[in-house]
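> Sequence and computational prediction follow.
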Amino acid sequence: MKTTLAFLAVLAAFAAAPFALGPYYTTLIIPILAYAIALIGLNLLFGYGGLLSFGHAMFLAIGAYASAVMGAKLGVRSFEAQLIVAMLASGTVAGLIGLLCLRYTTIFFSMLTLAFGMIFHSFLFKFYDLTGGESGISVPRPSLFGASHAGLSKTAFLVGPFYWYALGLFAVMFLVMALVVASPFGLALKAARDNERKTAFLGVPVFWVRYVAFVLSGIYCAVGGAVLAVSIGAADPELSFWTQSGNMIFIIILGGLGQLFGPVVGAVSFTLLQDALMANTQYWRFALGAILALIIIFAPRGILGLITRALDWRRR
Amino acid sequence: MLSVEGLSVDIAGTSILRDITLDVNEGEIVCLVGRNGAGKTTLLRAIMGQLAARAGAVKWRGAALTGLPPHLVARRGIGFSPEESEVFASLSVAQNIAFGTWTRPAPAARAQARVAFAYEVFPKLTTYMARGGAELSGGERKMVSIARALALDPELLLLDEPFEGLSPAIIPTIAAGIASIRASGKAILMAESNVQHIPDYVSRICVIERGEIIFRGSLAEARADPLVRQVASGLA
């Protein structure tokens, strides 16, 4: 009940944003939605499964490039088709890589995902004909449910139809994840994080539970990546660089690791914080680093944990 | 139902179990007695598939278990409550116990009956079903650990030192629970290092010393055996 109410409040806030804020801030919210979708997926693996991946930006980039290649090179403008291809491509890559990476846990898992992420980054640079090399590929405006919205300016398209489309997609992906984490599968994933050996003694195929989580997280990141590519109008290799993976981990910790709303709170806070810091100081990276250190030391459950604690304190 | 045939297990190049042969039949409660480091836990973990055998075999109703991963051994119908009975801290007591009904699914009514039986064995657990796993005392964790293994509906339950580290006040509750499990007809293979804790109703005793079984017989025979008495004098 509490989750449903919180979810409705989040949806209402996002729905009110275009009316309350100007186009600038509304265009800023689309990457928030894109990152929220991607991080809901990464949170399944990292927060619920305890597996820290330093390579998930790769899946974000796969989604972005799937949208770009489909739209710019193959002339397929349907965003639904682009999303399906993004999910299939990312799911396939995650399925193959997961078989290798999940043979390990802890730092070895993290390093392997980092290695695959770097290989993919190099691939995007070197295979110029397909990926556009360093400059990437421009993403043409996609059609949404068959409607091209050709009469709208770029900004009007983004803050209008595409915003609502991204919000709907976020809502669906969030609800699916809420069901996943509350299911026996989600609980088995958490149990394996707590104690892998004992989880196996209770009949859980721990490797396969983690494998499914890995593939699912890759698919979520790809969907987020496709939305992100449309909002920024391009897919470029920087999307897959390891610093992007670092940012994704930062956002989850900032919001609240292993909590359903953590990635959403993190994506909102990070985007607004980064925007404010970049506008006011050239030392914004230093400030972000300091904030991360403070969060880990004083609020290990992130901003969401602080909010929950404050609400509990008020109730008392 | 369970046959361990000439099982030898090495850990990091050291021979821990040597040529262990052991049977557990339907409805029996077999107690594996030995001092710390004798090989009791290693044997239970090898049966569960966590440790590989150097030689020998473990068979379940005639079919080989050797080489199967732990989750498949559990799904065959062997429940295990390890010595360090940590519960899953991020799950509630109810979720911990319901676990077995997901991994060894059954029609809803049967699954409910399995969970109900787990609570029947340890009625105290019903009072803190919603409590988180991290908020339990040692005795409560032990009860959850055994109840969780029971909810798998195992035909054989492996209990590793079920009384270890518990306060004397909680030991009768655990002992009563084990008696209820035995009364339900489930077989039990129990490891114990404290001879005072061996229940009178055990079917057979196997004394394990330095990785080898040195005695098999009833509790009365064990008490009369000079070799067992000598080993037991070194036990707690």
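On my side now, so go ahead.
> For chain A, what is the nearest residue in chain B?
When scored by Cβ to the nearest Cβ, chain B has B:Thr103 as its residue closest to chain A, at 3.1 Å. From N, CA and C alone the C-beta is placed, and that goes for glycine too.
> Let me know whether that residue touches A:Gly203 as I believe.
Yes. Counting by Cβ atoms under 8 Å, B:Thr103 does reach A:Gly203; the two are 3.1 Å apart.
> Mutual contacts of those two, please.
B:71, B:74-75, B:152 (Cβ atoms under 8 Å, 6 or more residues apart in numbering or on different chains).
> Look up phi and psi at residue 205.
Assuming you mean chain A. phi -80, psi 90 (degrees, to the nearest 10).
> wrong one, I was asking about chain B
Dihedral angles (degrees, to the nearest 10) for B:Ile205: phi -130, psi 140.
> who does it bridge with?
Assessed by DSSP bridges, B:Ile205 has beta-bridge partners B:Cys31, B:Gly217.
> picking up where we left off before, strands - which of the shared contacts of B:Thr103 and A:Gly203 land there?
Per DSSP state E, strands hold no members of those.
> so where is chain B shaky, pLDDT-wise?
Applying pLDDT under 70 to chain B flags the ranges B:85, B:232-236.
> make that the stretch 51-200 of chain A, sorry
In the stretch 51-200 of chain A, no residues with pLDDT under 70.
> Nearest residue to the middle of chain A?
A:Ala38 (1.6 Å; Cα atoms, centre = their mean).
> Setting aside sequence neighbours, what's the nearest residue to it?
Excluding the flanking residues, the one nearest A:Ala38 by Cβ to Cβ, 6 or more residues apart in numbering or on different chains is A:Gly224, at 2.8 Å.
> B:His197 too?
B:Phe163 (4.5 Å).
> Surely the one you found touches B:Ile174?
Yes. Taking Cβ under 8 Å as the definition, B:Phe163 is a contact partner of B:Ile174 at 6.1 Å.
> Spell out which residues of chain A are next to chain B.
A:184, A:187-188, A:190-191, A:193-195, A:197-206, A:258 (Cβ under 8 Å from any Cβ of the partner chain).
> Please repeat the previous calculation with a cut-off of 7 Å.
Within reach of chain B by Cβ under 7 Å from any Cβ of the partner chain, chain A has these residues: A:184, A:187, A:190-191, A:194-195, A:197-198, A:200-205.
> Just the buried residues of stretch B:194-204, please?
B:195, B:197-199, B:202-204 (16 or more other Cβ atoms under 10 Å in any protein chain shown).
> More neighbours: which of B:Thr103 and A:Gly203?
More crowded of B:Thr103 and A:Gly203, by other Cβ atoms under 10 Å in any protein chain shown: A:Gly203, with 25 against 19.
> May I have the secondary structure class of that one?
Three-state assignment for A:Gly203 (DSSP: H, G, I helix; E, B strand; the rest coil): coil.
> The residue nearest to B:His197: neighbouring residues, count only.
Neighbour tally, B:Phe163, other Cβ under 10 Å: 22.
> burial count for residue 74?
As the question left the chain open, I've gone with chain A. With other Cβ under 10 Å as criterion, A:Leu74 counts 11.
> Hmm, no, I was thinking of chain B.
B:Ala74: 25 neighbours (other Cβ under 10 Å).
> quick one on the thing from earlier: roughly how far does the residue nearest to A:Ala38 sit from A:Ser245?
Relative to A:Ser245, A:Gly224 is positioned 13 Å away (Cβ to Cβ, to the nearest Å).
> what about those two, which has more around it?
A:Gly224 (34 against 26).
> and that one, what pLDDT?
Note for A:Gly224: predicted pLDDT of 96.
> now do the one 10 residues further on
Confidence at A:Ala234, expressed as pLDDT, is 90.
> For A:Ala200, see how far away it is.
45 Å.
> I am finished for the moment; much appreciated.
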